[in-house]
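Engineer: the amino acid sequence is not available; the structure is as follows:
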């Protein structure tokens, strides 16, 4: 038997085909094909069908969004996908629910909605593709079985639109309240968003994870069953049966991202900075403070852009602002802010006051601000930080 098998492209927008291919790949370790979800709802031509060949135990390959780095192709085994879905089910208390798919199935959070549905034996309700519309979300939510646990997974920009729309649309507010659990991930939520959703009756849980961990593996700061968390030189590292095999045709990146201890334990180096803080009932909660590659040296002082971003987002009108680094001839690098919307009327002095109030050093004060009609985004809904850094670098000082 060959040690490799074909990786086929599957149109993620055709949920029926996507489910059929995933079902074979996830339920049967010896499945003949592995799945690479691609955008759109039209199957690739026969010439374009096979994307590559992958190790035999790989069931799924997902492409990362590349918000701060070049995109990667992450290889996941059927066992890893099942372990991730099983850990989520345990966290739900062993309840099988029905899912609403509101995310693209080209990304791990969307794929996992389908995987969890397959393993639960339930049929997911699928939100129409394209621009996320709160009213369409409400209509799709009404199609879920009211006798089952109702579940969905969102990114912060989607939840923000739902919360805003719910203020004027009772149907959207009812839809938010109707879910037993809403998983929120993909990026940090703006300050106050989860609290505003809770005031509307929404049961939202912050999740942390990545394609390399087969999706979220830490919920509300607590690792899922079977997940290990440790902090090494301030970097968050994760372990568990849901870890990816590595990156397709990229052994150097794989070696850099995954490490194995002397006892055989395998860990994923997330590149995120964080800490384990004491929480309720003696449990340690994971707190993420930023990206290791987002730490800049400004005038000889280390500045974590994630901490600057959290402080800036506390300023009215800046809840979804993005902080990136720009080059500075004197300081080396300085923080700069991109923001969308007419409500963002604060000045650089206001932003400096916010970083000072957060206890950050003077080197953390933003030195440039760029207002845009809308922030450029990747297909995953995350801000395109590389594009924003370019725009800020080109904007007048």
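Structural biologist: Perfect, I can see it now. Everything numeric here is computed off the predicted structure, so don't read it as measured data. Numbers count the residues shown, from 1 in each chain.

Engineer: what's next to stretch 169-183, contact-wise?
Structural biologist: Applying Cβ atoms under 8 Å, 6 or more residues apart in numbering, the contact partners of stretch 169-183 are 92, 97, 100, 109, 134-135, 137-138, 141-142, 144, 149-154, 159, 162-163, 165-167, 197, 200-205, 207, 216, 219. C-beta: built from backbone N, CA, C; applies to glycine.

Engineer: for that stretch, what is the average pLDDT?
Structural biologist: With pLDDT averaged residue by residue, stretch 169-183 scores 96.

Engineer: which parts of that stretch are buried?
Structural biologist: For stretch 169-183, burial by neighbour count (16 or more other Cβ atoms under 10 Å) applies to 171, 172, 173, 175, 176, 178, 179, 181, 182, 183.

Engineer: what sits against residue 341?
Structural biologist: Contacts for residue 341 were tallied using Cβ under 8 Å, 6+ apart; they are 317, 320.

Engineer: begin at 20 from now on, thanks
Structural biologist: Yep, numbering from 20; the last one is residue 360 now.

Engineer: how close does it sit to residue 284?
Structural biologist: As defined by Cβ to Cβ, to the nearest Å, residue 360 lies at a distance of 46 Å from residue 284.

Engineer: which element is residue 355 on?
Structural biologist: Following DSSP states H and E, the helix or strand that holds residue 355 is strand 351-359.

Engineer: buried residues, that strand. List them.
Structural biologist: Buried residues in strand 351-359, counted by 16+ other Cβ under 10 Å: 352, 353, 354, 355, 356, 357, 358, 359.

Engineer: cool, stretch 135-150 as well?
Structural biologist: Burial within stretch 135-150, assessed by neighbour count using 16+ other Cβ under 10 Å, is assigned to 135, 136, 137, 138, 139, 141, 143, 144, 145, 146.

Engineer: stretch 217-229 too?
Structural biologist: When burial is assessed from 16+ other Cβ under 10 Å, stretch 217-229 yields the following buried residues: 219, 221, 223, 224, 225, 226, 227, 228, 229.

Engineer: ok, residue 347 - contacts?
Structural biologist: With Cβ under 8 Å, 6+ apart, residue 347 has these contacts: 317, 353, 386.

Engineer: JSON lines for those, including pLDDT and distance to residue 292?
Structural biologist: Converted to JSON lines, the contacts of residue 347 look like this (pLDDT from 0 to 100; distance: Cβ to Cβ, whole Å):
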{"residue": "317", "pLDDT": "88", "distance to residue 292": "16"}
{"residue": "353", "pLDDT": "92", "distance to residue 292": "19"}
{"residue": "386", "pLDDT": "93", "distance to residue 292": "22"}
